Each structure stands twice: as structure tokens, then as C-alpha cells.
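1. Sequence and computational prediction follow.
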Amino acid sequence: MSTETVDAAIVRPPLAQLGSSRAAILALRLGSIIVPLLLWELGARLGWINTFLFPPPSKILATLWSQSGPNGNPPWAIPIHVGRSLIRLLAGVALAVVIGTIAGVVIGLNRWARAILRPIISALMPVPTLAWTPVLLLVMGIDDRTTIFVVFLAAVFEMIYTIVAGIEMMNVKLFWVAESMGATRLQIFVRVIIPAIFPYLITGMRLGTGYAWRALIAAEMLAASSFGLGFMIYDASEYMNMDVIYGGVMLIAVLGFLLENVLIGRLESATTEKWGVQNER
Amino acid sequence: MSADSAQIYPLRSNGAAKPKIVANGIQKYFGGVLAMENISCTIHEREFVAIIGPSGCGKSTFLYLIAGFEKPTYGELSINGHPIQGPGRDRGVVFQEFVLFPWLTVLRNITLGLDIKGVNRREAEEKARKWIRLTGLSGFEDAYPSTLSGGMKQRVAIARALTYDPEVLLLDEPFGALDVQTKNYMIRDLQNLWLEANRTIVMITHSVSEAVLMADRVLVLSSRPSRVIADVSIRLPHPRDQRDPVLRRYEDEVTAVLSAEVDKAMNQERQTHRPYSSPGQAQ
């Protein structure tokens, strides 16, 4: 963040006074979200825009609030939708992190595994995750397993690719040092490889979670029988319930932001930032 | 001074030292290129040997062979009479670029060798403290490597290699990445450490003054394909004074051999990089 400020000051001197204050930056950041919402509210209240297609934010928030309580339809609808989506997302991403890391390490370290797996992965990676949904629906049915698997597919290739890149960037001398200490292969995996690729692991999680989140919402529209934010939006569109649709979109944006900045951000500051090794992004 | 007048005298011992590392007719090819022609030498127990040579002559490769990171194409290399098969706990390595584990604190970096072996934490820390004190790292135990200066990082790497108690210490240009002041300070500071460590030490360096100041013996390698062209014993007690005229004479002697070799290497390089010249002309 501080580097942004410095860069702006260097490139555009007139902005320097404005950019020099952290408070001003924060105000601009918040304003870029709040001002459009206020204009939207104002436009809707004054009748400048069609309130059926663009209900005012206050109405959307009110709907979200009432749907979050015991008087919702069904009761506690919003927490249930959000919880269900998050469980699917976290389950799928966790699977992708574990399997993607193992696959990435194997591909990165073993040329036979690379020869066998690289072409398969290169062929599968460009297939949009949603293209698998019909197949998964037939195999697993309308079920959490389907949505979790879609999330897994959306995140796993990114994980594999970043982990392989991490392994390729590893200093071979780190292995040498561990080997001269008599480390076993398992010790090298746990004590050297995993922490050494951690910055890449975090980058992979960050990108993978982004893809997974998008894939999840779409998959829930196609393959969730009940509950989940994607299902909620899709269901609301059947009834032209615009408040709920906008509310769902807003929730997706907020949750995506929190996942990226709070969950992964915390992980990052507890590990790579503390070690002083977080790298290019 | 030429290869003929080379002399081999084990020092720091009274002539009865056992051979520790024996290299016999080592050849190393990289792809089709001959990097090492014929390296034979014996490094005795508790001897401090410095290996010096023109840059690119394969000094570090020789150290990696001893460490077991690489294998010679031909020839025999043994430690304690057993052929070297791969890396092992009997040899500790300190690299020019430190190669610390950035996710471990200074203390955990240093105890890693013992942690891997399953030594309990308290005992490991106790052993580590001794070397932390001797390398002047006290107070930095909980720092992460990214917060340390180059000189401090190198101390961590040295303490790390000493703590798990290898019989042989392999130093790959240990002061090469440091600025001149830090380097001089570290060399002066660490002279007693080597005496305290009391192990067989093989140090790769490109600095003659560093070599004669610290080592019992200096091996000079030729430019590629490398061989041993001089073997100079530095018969002076430790710790040594850099301004000692006798030391200066040793320094001149080694420098003379080395600069003749560097001249040759430079000419060779110029020849081989000249377009349309056949490899034969390089001689």
C-alpha cells in the first residue's frame, strides 16, 4: 500500500499532497463504493431510474435484513444460503489445495510424473469448469458432491501450476543442506519443500479461490436443489424478485472480498510476511 | 613455484595425522566438457585446507563432490576410507549465498540438523547456544533471516553447520558475498572459531590473503580442466597476523602461481571465443 502512495507521488506530482495522507486514500477507497450507491439510492428515490429493475440499495438491504431473520422465507434464509455456499467452497478449495499441492510437488520433482501428467493437465485446464457440470450431475446427482467437485476442479489446476512453478524456483541448495543433515525424504517434504513453496501456495490459493467462488455460484444455479447463494439468485429470478437478486450479488462481492483479504490475508501475514519472503504477485 | 616443487605437509598435528579425505584421479565431465582433468590430493584429519584457483576452474565443483552433491565421472573419492556415495551428516556445508531457511528463526535454523536427527529440543538448543555465542549471534535467536545483514546470515550458516557436529566442514567461498569490511572483520573474528571447532576444514576461496591467513595448506587449482598445480603448506601458528612478513611471503608465492594461471586462462578464453579458431589453437 505504501508503495502505491510513493509511486503516485513520483508519477504525478500534483497528486502528491492528496496522496501523502493515508486518511485521504482511505476516504477515496470508501468513497468509490459509497458514492455510486448513494447516487443509485438518490436516482431511485427521485424516480430517475426504473425501480423495478433497479430497486434502491436501502430496499435491497432491508430485504437482506428481513430474510436473515426468523421471518424470512424460509426462516433464516440468508445465513443458511451463505453457510451452505461457504461449506461447499471451503470443502472444494481444501481438496484442491491438498491434491493440487501433492500433484504439483510430484510433477515438479519427478520427470516421469511430469511426462505423464503434464499433457493431461494441459488438455483439461482450458475446459471451462461448468462444462463438466452435466456429467457430474449425471454421476453424482443434484447433491453437494457435485458442487464441491466443481469447486475443486475450478481451483485445482491453478494450484498445480503455481506449485510446479514454486518447485522450479526452489534453490537446489536448500535440498543439499537438508540432505547433508541426514534428512529423510518425508522430512525434506515437510520441513523444506512445503515451507519453501508457501508463497506460491498462497498465490495459488488466492487465484484458485477466486475461480472457485465464480464456479460455485454458477454451479449452484445449475445443480443445487435448495440453498446456496447461486441457487438463491436463480430462484429469485424465477419470481422476478429483484431485491433478492441484487442482495445475492452484493453478498457474493462482500464474501469474496472477505475470503481474499481476511482469510488468505491472515494466513499470509502469519507466514510469508513474517518470514519476509512474500514475493511477486 | 611449480607443481614439481609442491610439498605436502600435514600441519596442526605432528606428522601423525590420518588421511581424512582422499581424492584419487578425479575427473569430472559436464555434458561432453571436461571440467576436471585429474585431481588427486589427501586432506588430513583436523587440517584446514584452502582451495584456490582461477574463476570457473571448478573449485566449487570439487567441494560439491566431497559433499556428495555431485558424483565424479572417473576416479575415487573417499572419506575415512569409505567411498563417498552422497551427502551425509559427517560433512557440513556452508555456502557463499548462506542458503538459510527463511521460514525458521535463527535458533531454529541452527538447531535444524539436530531436530532432523530427533534430538530433543532442550538439548538441541543447548548445543546451539554454544555456537550462537561463539559466532556472536547472541540476542538474535528469534530473528528471521530476512531481517539479518549478510555477515550475520553467514554466521548463522556457519553456526548451523557446526551445531550438528560434522567431522568435516566444507566452506564454499564463505566470505565471497560479504563486503570487504565485514569480510575482514569476520575472518579476524572467526580465526579462533576454527581452532575451537577443531575439525577438518576445506575452504574454497578466490582470495589469496584469506587462504594464507586461515589455512594450514593451500591447494592451487589450474584453469579448466583443473588439476592441482601447487600445494603450499603455511607453517605459521594460529591466530595469525595479516601483517606478518612471513605470511606476506607465502601470499606472494601463492599469488605468483595463481596469476600465471589466470593469465593462461584469460588467453585461453580469448582464443576459444575468437570466431573461426579451431580448439587446437587454444593451447
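-> Cool, got the structure.

2. CA atoms for contacts and neighbours, from now on please.
-> OK.

3. Any idea how far the longest helix along chain A is from the middle of the chain?
-> Looking across chain A with DSSP state H, the single longest helix is helix A:77-109. Relative to the chain's own centre, helix A:77-109 is displaced by 10 Å; criterion: Cα atoms, centre = their mean, to the nearest Å.

4. Could you do stretch B:185-201 as well?
-> Offset of stretch B:185-201 from its chain centre (Cα atoms, centre = their mean): 13 Å.

5. Show me what counts as buried in the strand or helix carrying A:Tyr246.
-> Take DSSP states H and E as the rule and A:Tyr246 turns out to sit in helix A:242-258. For helix A:242-258, a neighbour-count test (16 or more other Cα atoms under 10 Å in any protein chain shown) marks A:242-249, A:251-252, A:255-256 as buried.

6. Quick check: can you list the domain ranges of chain A?
-> Under the assignment automatic domain parsing, the domains of chain A span A:2-54, A:64-275.

7. Now do the contacts for the residue nearest to A:Ile252 when sequence neighbours are not counted.
-> Taking Cα to Cα, 6 or more residues apart in numbering or on different chains as the measure, A:Ile252 lies nearest to A:Leu229, with 7.5 Å between them; neighbours along the chain are not counted. If a contact means Cα atoms under 8 Å, 6 or more residues apart in numbering or on different chains, then A:Leu229 has A:81-82, A:85, A:217, A:220, A:248, A:252 as its contacts.

8. Compare these and tell me which is most surrounded.
-> Within the contacts of A:Leu229, most neighbours by other Cα atoms under 10 Å in any protein chain shown means A:Glu220, with 28 neighbours.

9. what sits against that one?
-> Taking Cα under 8 Å, 6+ apart, we find A:Glu220 in contact with A:147, A:228-231.

10. three-state assignment of the residue most central in space within chain B?
-> Per Cα atoms, centre = their mean, the C-alpha nearest to the average position across chain B is that of B:Met203, at 1.7 Å. Assigned by DSSP: H, G, I helix; E, B strand; the rest coil, the conformation of B:Met203 is strand.

11. swap in B:Val220?
-> Recorded secondary structure, B:Val220: strand (three-state DSSP).

12. okay but it is in contact with B:Ile229, surely?
-> Yes. Taking contacts as Cα atoms under 8 Å, B:Val220 lies within contact range of B:Ile229: 5.6 Å.

13. Have a look at the two and say which one is more surrounded.
-> B:Val220 (27 against 21).

14. B:Cys41 versus that one, what's the distance?
-> The gap separating B:Val220 from B:Cys41 is 11 Å, by Cα to Cα, to the nearest Å.

15. I'd like to know which elements the helix or strand of chain B with the lowest mean pLDDT is packed against.
-> Per-element confidence for chain B was summarised using mean pLDDT, DSSP states H and E. The lowest value among helices and strands belongs to helix B:180-197, with a mean of 80. With contacts defined as 3 or more Cα pairs under 8 Å, 6 or more residues apart in numbering or on different chains; DSSP states H and E, the secondary structure elements packing on helix B:180-197 are helix B:150-163, helix B:208-214.

16. What are the boundaries of the helices in chain B?
-> Assignment of helices within chain B using DSSP H yields the ranges B:59-67, B:106-117, B:121-134, B:150-163, B:180-197, B:208-214, B:245-273.

17. List the contacts of the second one.
-> Taking contacts as Cα under 8 Å, 6+ apart, the residues outside helix B:106-117 that touch it are A:178, A:181-183, A:187, B:100-101, B:121, B:124-125, B:128, B:140-145, B:156-157, B:159-161, B:163-164.

18. on that earlier part again, any chance of the helices of chain B in TSV, plus mean neighbour count?
-> Below are these laid out as TSV (neighbours: other Cα atoms under 10 Å in any protein chain shown):
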stretch	mean neighbour count
helix B:59-67	22
helix B:106-117	24
helix B:121-134	18
helix B:150-163	25
helix B:180-197	15
helix B:208-214	22
helix B:245-273	16
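
19. and these, which one's lowest on average pLDDT?
-> Note on these: helix B:180-197 shows the lowest mean pLDDT, a mean of 80.

20. And the helices and strands packed on helix B:180-197: which comes nearest A:Ile102?
-> Closest to A:Ile102 of the helices and strands packed on helix B:180-197 is helix B:150-163 (Cα to Cα; 29.5 Å).

21. near chain A, anything from that closest one?
-> No. Applying Cα under 8 Å from any Cα of the partner chain, one finds helix B:150-163 out of contact with chain A, separated by at least 8.7 Å.
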